[in-house]
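K.L.:
just coords:
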């Protein structure tokens, strides 16, 4: 077995369930350019009067037409992102946003506007008496196809101008930390209200979970962790809407590792691990397709029975800080086969693999 399967480091999985659906790190977890956590407020002091009126007008139009606000009230201390973007906070009636907080990342409602008037990024908390996006009925009806009992409660909405190959990306999510309720994600195109994908994941106690995939889950997670014994502690049922069809998977977790099986075939659908290359070349050139395939192939062949040799490849990067590449999000494709999504760390470790 490759040395890539031997060494593991501490894992951070942003949102396992959402990652399964969207291939790697979902927009709510990834730090995209223009997102709040990449904007540092320290040493910056601006007021709304410093922001050109064209930025304000563009933000108001978006927040009223897409996010559904009837009246827009911006917070103080806007943040310039270079000379071509402004980040503003805004109020959603009924929210508890702390407008006096200088750290933009602590505010739940923000919007980033480009110089050309387009919106790069926006996020809003869905509070009980607050605004609702125009597409909210579509999103709720989509969720009901996966959760007929209506237990999934949406909490946040995020817009990204482009998420991977998806334009005008509008993503709704529930509260992942609410363990007694299902976790839901719905992603749509905000321009034409078509549904990209949707998913609902529900945690189960061991006694109520599907048992037939448990032996294989233990085997794979034991092998990938390098331990003689693993005890599965998390059991998750995931229902996804893909091209108007509901697909079901069962997921099993041990510590921070996770594996999911297709319910109808028993094949591995996703594997989340934190395996690191400890060779002298600890930071390989991941812009090289050949190098990326060489690192991913041992996992693919061993666990999925797929050889990526000959696959087409493309990737995007996810920043961990200004100018710092934290993750490489690769998509490997071949006609007639499922896309393979592999998330690499900047140091060349594999963080996740999924079939899409």
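P.N.:
Great, that's in hand. This is a predicted model, so every value here is computed, not measured.

K.L.:
For stretch 147-155, what does the pLDDT average out to?
P.N.:
Averaged across stretch 147-155, pLDDT comes to 91.

K.L.:
Distance from that stretch to the middle of the chain?
P.N.:
19 Å (CA atoms, centre = their mean, to the nearest Å).

K.L.:
what's that stretch in contact with?
P.N.:
125-126, 139-140, 143-144, 146, 172-175, 178, 181-184, 186, 200, 239 (CB atoms under 8 Å, 6 or more residues apart in numbering). In short, each C-beta sits where N, CA and C put it, glycine included.

K.L.:
Check which residues of that stretch are buried.
P.N.:
By 16 or more other CB atoms under 10 Å, the buried positions in stretch 147-155 come out as 147, 152, 154-155.

K.L.:
List only buried entries from the contacts of stretch 147-155.
P.N.:
Buried residues within the contacts of stretch 147-155, counting neighbours by 16+ other CB under 10 Å: 125-126, 139-140, 143, 146, 172-174, 182-184, 186, 200, 239.

K.L.:
What about those residues, which are in strands?
P.N.:
125, 172-174, 183-184, 186, 200, 239 (DSSP state E).

K.L.:
how about these in CSV, adding distance to residue 309 and pLDDT?
P.N.:
Formatted as CSV, these follow (distance: CB to CB, whole Å; pLDDT from 0 to 100):
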residue, distance to residue 309, pLDDT
125, 46, 94
172, 38, 97
173, 36, 95
174, 40, 93
183, 36, 94
184, 37, 95
186, 36, 96
200, 36, 95
239, 33, 95
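
K.L.:
Now the two most distant members of those.
P.N.:
125 and 239 (25.2 Å; CB to CB).

K.L.:
Quick one: the helices in the stretch 251-356 of the chain, in order.
P.N.:
Secondary structure of the stretch 251-356 of the chain (DSSP state H, counting those that start in this stretch): helices located at 289-299.

K.L.:
Please enumerate the strands of the stretch 101-250 of the chain.
P.N.:
110-114, 119-125, 154-163, 166-174, 183-189, 195-204, 234-242, 245-254 (DSSP state E, counting those that start in this stretch).

K.L.:
Equivalent analysis for the stretch 251-356 of the chain, please.
P.N.:
With DSSP E, counting those that start in this stretch as the criterion, the stretch 251-356 of the chain has strands spanning 257-262, 268-275, 312-321, 324-333, 340-345, 350-355.

K.L.:
closest one to residue 131 among those strands?
P.N.:
Each of those has some distance to residue 131 by CB to CB; the shortest is strand 312-321, at 28.9 Å.

K.L.:
Which secondary structure elements does the closest one sit against?
P.N.:
Other helices and strands packing on strand 312-321, by 3 or more CB pairs under 8 Å, 6 or more residues apart in numbering; DSSP states H and E, are helix 289-299, strand 324-333.

K.L.:
I'd say residue 62 and residue 111 touch.
P.N.:
Yes: at 6.8 Å, residue 62 counts as touching residue 111 under the criterion of CB atoms under 8 Å.

K.L.:
overlap in contacts of the two?
P.N.:
Shared contacts of residue 62 and residue 111, counting by CB under 8 Å, 6+ apart, come down to 119, 122.

K.L.:
thinking again about what came up before, put together JSON lines for the strands of the stretch 251-356 of the chain, with distance to residue 107 on each row.
P.N.:
JSON lines is the format used below for the strands of the stretch 251-356 of the chain (distance: least, CB to CB, whole Å):
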{"stretch": "strand 257-262", "distance to residue 107": "31"}
{"stretch": "strand 268-275", "distance to residue 107": "30"}
{"stretch": "strand 312-321", "distance to residue 107": "19"}
{"stretch": "strand 324-333", "distance to residue 107": "22"}
{"stretch": "strand 340-345", "distance to residue 107": "28"}
{"stretch": "strand 350-355", "distance to residue 107": "28"}
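
K.L.:
Residue 208 is nearest to which of those?
P.N.:
When these are compared by CB to CB, strand 257-262 sits nearest residue 208, at 16.7 Å.

K.L.:
Strand partners (parallel or antiparallel) of the closest one?
P.N.:
Applying DSSP bridges to the sheet, strand 257-262 is found paired with strand 245-254 (antiparallel), strand 268-275 (antiparallel).

K.L.:
Of those strands, which is nearest residue 82?
P.N.:
Across the strands paired with strand 257-262, residue 82 has its closest neighbour in strand 268-275 (33.3 Å, CB to CB).

K.L.:
and the angle from the closest one to strand 234-242?
P.N.:
Between strand 268-275 and strand 234-242, the angle comes out at 130 degrees (axes from the mean of the first three to the mean of the last three CA atoms, to 10 degrees).

K.L.:
which stretches of the stretch 1-150 of the chain have low pLDDT?
P.N.:
Along the stretch 1-150 of the chain, segments meeting pLDDT under 70 span 1-44, 94-106.

K.L.:
hang on, the earlier thing: in terms of mean pLDDT, which of the helices and strands packed on strand 312-321 ranks lowest?
P.N.:
Mean pLDDT values for those show the minimum at strand 324-333, a mean of 87.

K.L.:
Please name the strands paired to it in the sheet, noting orientation.
P.N.:
strand 312-321 (antiparallel), strand 340-345 (antiparallel).

K.L.:
Buried residues of the first one, list them for me.
P.N.:
Burial within strand 312-321, assessed by neighbour count using 16+ other CB under 10 Å, is assigned to 313, 315-316, 318-320.

K.L.:
So what's the gap between that strand and the chain middle?
P.N.:
13 Å.

K.L.:
distance of the closest residue to residue 175 other than its chain neighbours from residue 108?
P.N.:
The shortest distance from residue 175 to any non-neighbouring residue, by CB to CB, 6 or more residues apart in numbering, is to residue 155 (4.5 Å). According to CB to CB, to the nearest Å, residue 155 stands 10 Å off from residue 108.
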